[in-house]
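Novice: Sequence and predicted structure below; questions after.
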Amino acid sequence: MRTSPAGIVCVWPFINLLYRSNGLSDAQIGVLAALKPWTSAPSSFLWSGLADRLSAHKAIMLATFITSTPTRAGVSLAHSFWAFVVLAVAGEVLAAPVGVMADAAVVAACKRVS
């Protein structure tokens, strides 16, 4: 449900309530919570490596951010465990490199200015 960097902070703490209201069990909610670090860590390295290889940091960062937005928003429309799994994994795979690449861009800009 990332529509803006600040929006995720306001909404994501309550995502478990959305899962619960759709009838998911405690175990299923736990699986969904565990998916985030297990998918975002490797995907951020893979996307960053691809950006380095292609020298396309800006394009990849923008593309992953833009495509992760509807994926995250789609969580509000899902009603089954497997739909939540697909959206959670897709959202994390697409959103993970945005922060890493934005940080790298800021550091690179600071080095040019110094």
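Specialist: Arrived safely. Nothing here was measured: the structure is a model prediction, and the numbers come from that model.

Novice: For the protein, name the helix or strand with the lowest mean pLDDT.
Specialist: Lowest on mean pLDDT, DSSP states H and E among the helices and strands of the chain sits helix 5-11, with a mean of 65.

Novice: Distance from the following helix or strand past it to the middle of the chain?
Specialist: On the C-terminal side of helix 5-11, the closest following helix or strand by DSSP states H and E is helix 15-21. The chain centroid and the centroid of helix 15-21 are separated by 18 Å under C-alpha atoms, centre = their mean, to the nearest Å.

Novice: Go through the following helix or strand past helix 15-21 and flag the buried ones.
Specialist: Once the chain leaves helix 15-21, the next helix or strand it forms, by DSSP H and E, is helix 26-54. Buried residues in helix 26-54, counted by 16 or more other C-beta atoms under 10 Å: Gln28, Ile29, Leu32, Leu35, Lys36, Thr39, Ser40, Ser43, Ser44, Trp47, Ser48, Ala51. Using the backbone N, CA and C atoms, a C-beta is placed for each residue, glycine as well.

Novice: any residues touching stretch 102-114, and which ones?
Specialist: Residues outside stretch 102-114 that contact it (C-beta atoms under 8 Å, 6 or more residues apart in numbering): Ser48, His57, Lys58, Met61.

Novice: and with 10 Å instead?
Specialist: Pro5, Ser48, Ala51, Asp52, His57, Lys58, Met61, Phe65, Pro97 (C-beta atoms under 10 Å, 6 or more residues apart in numbering).

Novice: got these as TSV, with distance to Tyr19 columns?
Specialist: Listed next are the contacts of stretch 102-114 as TSV, based on distance: C-beta to C-beta, whole Å:
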residue	distance to Tyr19
Pro5	23
Ser48	30
Ala51	32
Asp52	36
His57	34
Lys58	35
Met61	29
Phe65	24
Pro97	25
